[in-house]
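Asks: Here is my input, please return the structure:
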Amino acid sequence: MAEPIRCVAIVGAGFCGTVTAIHLLRQAHAAPLLIRLIDRERHARGVAYAAQPDPHLLNVPAGRMSAFSGEPLDFLHFARRTLPGTTSEDFLPRALYGEYLEESLAVAEERAPAQIRLERVTGNVCSLELLRPGHTFVLGFPNGTELAATDVVLAFGNPPPAPLPGANELRGSPRLIENPWSSPATDAPDETLLLVGTGLTMADVVLSAMRRPRPPRLVHAISRHGLLPPGQTAFGQAHPQFEALPLLRAASLSIRRLLRLVRRLARDAEERGGDWREAVTFVRSLAPRLWSRLPARERERFLRHLRAYWDIHRHRLPPDTRATLERLRAAQRLTVHAGRILNLAPEGDGVRVTWRARGAAVPATFHVDRVINCTGPDYRCRAAHDPLIKDLLNTGLIQPDALQLGLQVSPEGGVLNITGKPTRGLHYIGPMLRAQHWEATAVQELREYAERLALTLTAPANSHLAAASV
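Replies: The predicted structure follows:
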């Protein structure tokens, strides 16, 4: 088969990269197209949906997890083939969702027109060079292999957590797990754990630990506010239709006014027999427009004062997970602290934790066997250890945003370079879109970004393509 004129390389085959590839396979293309889907591990899985020893659940019910906005019950129909009787409100295993993405990609590949070809590449892209003559991208791999493409989609997923403060003495020690998703679980009897962070990752780690043959005796969890995400509910639409305009006007003025209105919406929903989650869901649907209207100073205030409260109300737990956490707290096997870690130091066979409770003047200490970093992804590009991100920064092909939330991109998903202009043919999709849209981590938002990006890549105005040497 002759090599296609156009090649789109997608770096990352988690949800975003896979769904973008599926849409490209589904599009009508007049000219031949090669789609290279590149990932260091298993395609269509990513960290979130990889097969795990523990059956971690999706934190969104099955009826709202379709990878395609135009086919809202697609995942539910898939799940029912494996789990008959599944309802739209069931919370299903994440590994099953990985199987769904794998099958969706295989079906799209099988049904694609003859002139469209998908090539799965296993490897870790460590560099990206733009050759100006012919406008060709060259992707480099650690073993010296190079691949060429006319377009590149950066779809790398969530980065690991930021290093914990005060933990220098524990670096490299088995007593400190810096990334809970890349470290194997251990099974020590009567263990006491400290989990830094009290969000969704903490909940997964607690449930995994408690399922082991020899679960920990006690788990401490600490975050600045000590907040646990509430549970999901199957709320209906008991409220009258919310109005967007007052919220948009408030966002143009201050985060304080916006907060006041959101609280009012939540109260109104509950007073009418509804659920405060209705208000949060409505605000979430407006998030990109609200974020774009907030002045820079007000965005900073939101991040400093309100981010933690938004995150726990926005990212909620499956009801069974939340109930399990409450049972563990009642049994005094899970203790949640509000405060800051000051220092983590080796002490005997464990770790001495020095911390200051929220509102306290004097630090306190306690002893644990191990510490697990559950603070969530660190989106600060300049702190990244990923060789590709470091290379892109060094060459000026990407530019972080001022608030260190992610990457600067154009409305069409084009990556802005160091001059503030998009580099033709270079695109990004993934959680670092939060710099522009704030909400960019859930399937409901990311699937729409993937659909729009695929349309951008196949638009007639984007058919400027020179041959790629391979």
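Asks: Does anything pack onto the host helix or strand of residue 195? Which helices or strands?
Replies: According to DSSP states H and E, residue 195 maps onto strand 192-196. If you count contacts as 3 or more CB pairs under 8 Å, 6 or more residues apart in numbering; DSSP states H and E, strand 192-196 packs onto helix 200-211, strand 218-223, strand 350-357, strand 364-368, strand 370-373. Any C-beta I mention is one placed from the backbone N, CA and C, and that applies to glycine too.
Asks: so which of those comes closest to residue 266?
Replies: helix 200-211 (21.3 Å; CB to CB).
Asks: For the closest one, buried residues please.
Replies: 200-210 (16 or more other CB atoms under 10 Å).
Asks: hey, C-alpha coordinates of stretch 341-360 in PDB?
Replies: Extracted C-alpha coordinates of stretch 341-360, given in PDB (Å, rounded to 0.1, in the frame of the first residue of the first chain):
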ATOM      1  CA  ILE A 341       2.000  18.900  56.400                       C
ATOM      2  CA  LEU A 342       5.100  20.700  57.700                       C
ATOM      3  CA  ASN A 343       7.600  17.800  57.700                       C
ATOM      4  CA  LEU A 344       7.800  14.100  57.000                       C
ATOM      5  CA  ALA A 345      10.900  12.400  58.500                       C
ATOM      6  CA  PRO A 346      12.000   8.800  59.000                       C
ATOM      7  CA  GLU A 347      11.500   7.500  62.500                       C
ATOM      8  CA  GLY A 348      12.200   3.900  63.400                       C
ATOM      9  CA  ASP A 349      10.500   1.700  60.800                       C
ATOM     10  CA  GLY A 350       8.000   4.500  59.900                       C
ATOM     11  CA  VAL A 351       7.500   8.200  59.400                       C
ATOM     12  CA  ARG A 352       7.100  11.000  61.900                       C
ATOM     13  CA  VAL A 353       4.500  13.400  60.600                       C
ATOM     14  CA  THR A 354       4.600  17.100  61.700                       C
ATOM     15  CA  TRP A 355       1.600  19.100  60.800                       C
ATOM     16  CA  ARG A 356      -0.500  22.100  61.800                       C
ATOM     17  CA  ALA A 357      -4.200  21.800  62.100                       C
ATOM     18  CA  ARG A 358      -6.300  24.400  60.300                       C
ATOM     19  CA  GLY A 359      -6.700  27.300  62.700                       C
ATOM     20  CA  ALA A 360      -4.100  26.000  65.200                       C
END
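Asks: quick check: domain ranges of the protein?
Replies: 6-56+93-159+379-462, 168-230+317-373, 245-314 (automatic domain parsing).
Asks: which of those sits most buried?
Replies: A comparison of these by mean neighbour count, using mean count of other CB atoms under 10 Å, puts domain 6-56+93-159+379-462 on top with a mean of 19.
Asks: Give me the distance from it to the chain's centre.
Replies: Remark: domain 6-56+93-159+379-462 is offset 14 Å from the chain centroid, using CA atoms, centre = their mean, to the nearest Å.
Asks: That one - what's its average pLDDT?
Replies: In this model, domain 6-56+93-159+379-462 carries a mean pLDDT of 91.
Asks: Ok, stretch 62-78 next?
Replies: Model confidence over stretch 62-78, given as mean pLDDT, is 95.
Asks: Then stretch 202-209?
Replies: Stretch 202-209 comes out at a mean pLDDT of 92.
Asks: just so I know, which of the domains of the chain lies nearest residue 87?
Replies: In terms of CB to CB, the element of the domains of the chain nearest to residue 87 is domain 168-230+317-373, at 13.4 Å.
Asks: measure the closest one end to end?
Replies: 14 Å (CA to CA, to the nearest Å).
Asks: what's the distance between the residue lying closest to residue 226 once chain neighbours are set aside and residue 402?
Replies: Nearest non-adjacent residue to residue 226, counting by CB to CB, 6 or more residues apart in numbering: residue 338, 2.8 Å away. Separation of residue 338 from residue 402 (CB to CB, to the nearest Å) stands at 29 Å.
Asks: thinking again about what came up before, turn the domains of the chain into JSON lines, columns for distance to residue 85.
Replies: What follows is the domains of the chain, written out as JSON lines (distance: least, CB to CB, whole Å):
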{"stretch": "domain 6-56+93-159+379-462", "distance to residue 85": "14"}
{"stretch": "domain 168-230+317-373", "distance to residue 85": "17"}
{"stretch": "domain 245-314", "distance to residue 85": "25"}
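Asks: just the helices in the stretch 151-300 of the chain please.
Replies: 200-211, 245-253, 255-271, 276-293, 296-301 (DSSP state H, counting those that start in this stretch).
Asks: Turn these into a markdown table, columns for distance to residue 347.
Replies: Converted to a markdown table, the helices of the stretch 151-300 of the chain look like this (distance: least, CB to CB, whole Å):
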| stretch | distance to residue 347 |
| --- | --- |
| helix 200-211 | 21 |
| helix 245-253 | 48 |
| helix 255-271 | 42 |
| helix 276-293 | 42 |
| helix 296-301 | 38 |
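Asks: nearest to residue 360, of the ones you listed?
Replies: For those, the distance to residue 360 is smallest for helix 200-211, at 21.8 Å, taking CB to CB.
Asks: how far off strand 218-223 does the closest one point, in degrees?
Replies: Compare the direction of helix 200-211 with that of strand 218-223 by axes from the mean of the first three to the mean of the last three CA atoms, to 10 degrees and you get 180 degrees.
Asks: what are the pairing partners of the strand holding residue 195, and which direction each?
Replies: Strand pairing for strand 192-196, determined by DSSP bridges: strand 218-223 (parallel), strand 370-373 (parallel).
Asks: could you give the angle of it to strand 350-357?
Replies: 50 degrees.
Asks: what separates strand 192-196 from the chain centre, distance-wise?
Replies: 23 Å.
Asks: repeat for stretch 262-273
Replies: That offset, for stretch 262-273, works out to 29 Å (CA atoms, centre = their mean).
Asks: surely residue 248 meets residue 290?
Replies: Yes: with contact defined as CB atoms under 8 Å, residue 248 counts as touching residue 290 (6.7 Å).
Asks: For residue 22, find the nearest of the helices of the stretch 151-300 of the chain.
Replies: Each of these has some distance to residue 22 by CB to CB; the shortest is helix 276-293, at 23.1 Å.
Asks: Dump the closest one to PDB, keeping only the CA atoms.
Replies: Provided in PDB are the C-alpha atoms of helix 276-293 (Å, rounded to 0.1, in the frame of the first residue of the first chain):
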ATOM      1  CA  TRP A 276     -28.300  21.300  45.200                       C
ATOM      2  CA  ARG A 277     -26.400  19.100  42.700                       C
ATOM      3  CA  GLU A 278     -28.700  20.400  40.000                       C
ATOM      4  CA  ALA A 279     -27.300  23.900  40.500                       C
ATOM      5  CA  VAL A 280     -23.700  22.600  40.400                       C
ATOM      6  CA  THR A 281     -24.400  20.700  37.200                       C
ATOM      7  CA  PHE A 282     -25.900  23.800  35.600                       C
ATOM      8  CA  VAL A 283     -22.900  25.900  36.600                       C
ATOM      9  CA  ARG A 284     -20.600  23.300  35.300                       C
ATOM     10  CA  SER A 285     -22.300  23.400  31.900                       C
ATOM     11  CA  LEU A 286     -21.500  27.200  31.800                       C
ATOM     12  CA  ALA A 287     -18.000  26.800  33.200                       C
ATOM     13  CA  PRO A 288     -16.100  27.700  30.000                       C
ATOM     14  CA  ARG A 289     -18.200  30.900  29.500                       C
ATOM     15  CA  LEU A 290     -18.000  31.900  33.100                       C
ATOM     16  CA  TRP A 291     -14.200  31.300  33.300                       C
ATOM     17  CA  SER A 292     -13.600  33.300  30.100                       C
ATOM     18  CA  ARG A 293     -15.500  36.300  31.700                       C
END
